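S.K.: got a sequence here, can you build the structure:
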Amino acid sequence: MTGFKINQRGIDEMMRQIQKGVERSARRHPIQIPIGTDPVTGSTQGDIEHDPYLPKALLWLHERAVEQRGHFQDMAMFTEREHLSQEEARDLALRLEQHGFVQISRSLGGDDTVVHLTDEGRVEVRRLKQLGCDRVRRADYATNALLRWLHDQDASIEPGKFADAPTAYFAGTPLTAGEISSAVAELVSYDLAESPARRNDYDPYLLQITDGGNACIRSGRAVRNYMDAQNTAGTTNNYHGSTVVHGDVSGGVVLTGDHNTVNAGNGIDAQALAGLVQGLRDVAPQLGLDPVDAEDFEAEVVALERDGGDPERGGRVWRRIMRLAGPALTTAVASGVGQQLVELGASLYN
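M.R.: Residues are numbered from 1 along each chain as shown. Okay, here's the model as predicted:
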């Protein structure tokens, strides 16, 4: 694993593409709501954070309510900013009212886009702001939303263009360039997305969904739930007084008898794990990580060497490594070493 060269130009190009996409989206859809950290006592409606427009509309209404207390607001102003139609303004108002977040001012003239924020709506705003600070939830959402977006494309595409998609928002706030690039790295590490062969270092970094990614979408599961299901080896049938196991249980433990639990899991190839750990150590100086991330990367490699023999613990460590250094590893195309390491890790822990 020595003597290779990381394609820093490729890394920089991908990051520039994503950053440009985020900045372009911010100009088109300005968000001026500060992300708060107030604890939320609870919301009986909730679960709108994945919707591309409802959370943004609610945050917009709250901002307007602060500026103009006691005034009703016309949702048509919000949909005009988002380049949506008048009919979609009515639909947003109705959906928010069904959640109990707004009250529609229904006039004799049929003006059903003018709304007033309710107390329930204010509580939901606080919940959305709290979710906007949850890095784990944001990372999960970014990975799932990016995969679905890739599924909807007709061909390979620059991942930075995802920032322009309505779904590049979580809880009403835009995903950052770092969150999108980490999602790219995670999907590539899971073999759910791939970058086609590039002609030269100056070509844009492109991404496309794989057969595995399409299968994940068709399953209806979130990415990590889908990958966890793929890690399960063998089929276990439990009967009173006995246990019958069908399938490969290499690396697992089978106990028979009354009330016993069977764990049938895949073992980790020790030689492959050692090669992965050494490869990561060899590549570390050339990844271009800042001092803090470099220290974290080294600590995670130590953790992988220590815990990597266990599929569950090793898988968690590997996912942390991919979030930390995935973009650099997945664009190390000059020698292919970075991609080889990503594929090796994926084969061990996916």
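S.K.: how about the contacts made by the residue lying closest to residue 209 once chain neighbours are set aside?
M.R.: What sits nearest to residue 209 in space, not counting adjacent residues and going by CB to CB, 6 or more residues apart in numbering, is residue 150, at 4.2 Å. Placement of C-beta: from N, CA and C, glycine included. The contact partners of residue 150, taken as CB atoms under 8 Å, 6 or more residues apart in numbering, are 157, 187, 193, 207-209, 213.
S.K.: most neighbours among the residues you listed, which one is it?
M.R.: Highest neighbour count within the contacts of residue 150, by other CB atoms under 10 Å: residue 187, with 29 neighbours.
S.K.: show me the helices in the stretch 151-300 of the chain, by range?
M.R.: 177-189, 211-219, 223-230, 270-283, 291-307 (DSSP state H, counting those that start in this stretch).
S.K.: give me the angle between the longest one and helix 270-283.
M.R.: Okay, so that is helix 291-307. Angle of helix 291-307 versus helix 270-283, following axes from the mean of the first three to the mean of the last three CA atoms, to 10 degrees, is 170 degrees.
S.K.: which residues touch helix 291-307?
M.R.: 273, 276-277, 280-281, 284, 287, 289, 313-314, 317-318, 320-321, 324-325.
S.K.: quick check: PyMOL command selecting the buried ones in those residues.
M.R.: Buried residues within those, by 16 or more other CB atoms under 10 Å, are selected in PyMOL with:
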select buried, resi 273+276+277+280+287+289+314+317+318+320+321+324+325
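S.K.: so which of the contacts of helix 291-307 comes closest to residue 81?
M.R.: Taking CB to CB as the measure, residue 81 lies nearest residue 324 of the contacts of helix 291-307, at 36.2 Å.
S.K.: from residue 285, how far off is the closest residue to the closest one other than its chain neighbours?
M.R.: Among residues not flanking residue 324 along the chain, residue 297 sits closest, at 5.5 Å (CB to CB, 6+ apart). Distance, residue 297 to residue 285, by CB to CB, to the nearest Å: 11 Å.
S.K.: one more: residue 86?
M.R.: Look at residue 86 and residue 285: by CB to CB, they are 57 Å apart.
S.K.: re the thing from before, of residue 297 and residue 285, who's got more company?
M.R.: residue 297 (21 against 10).
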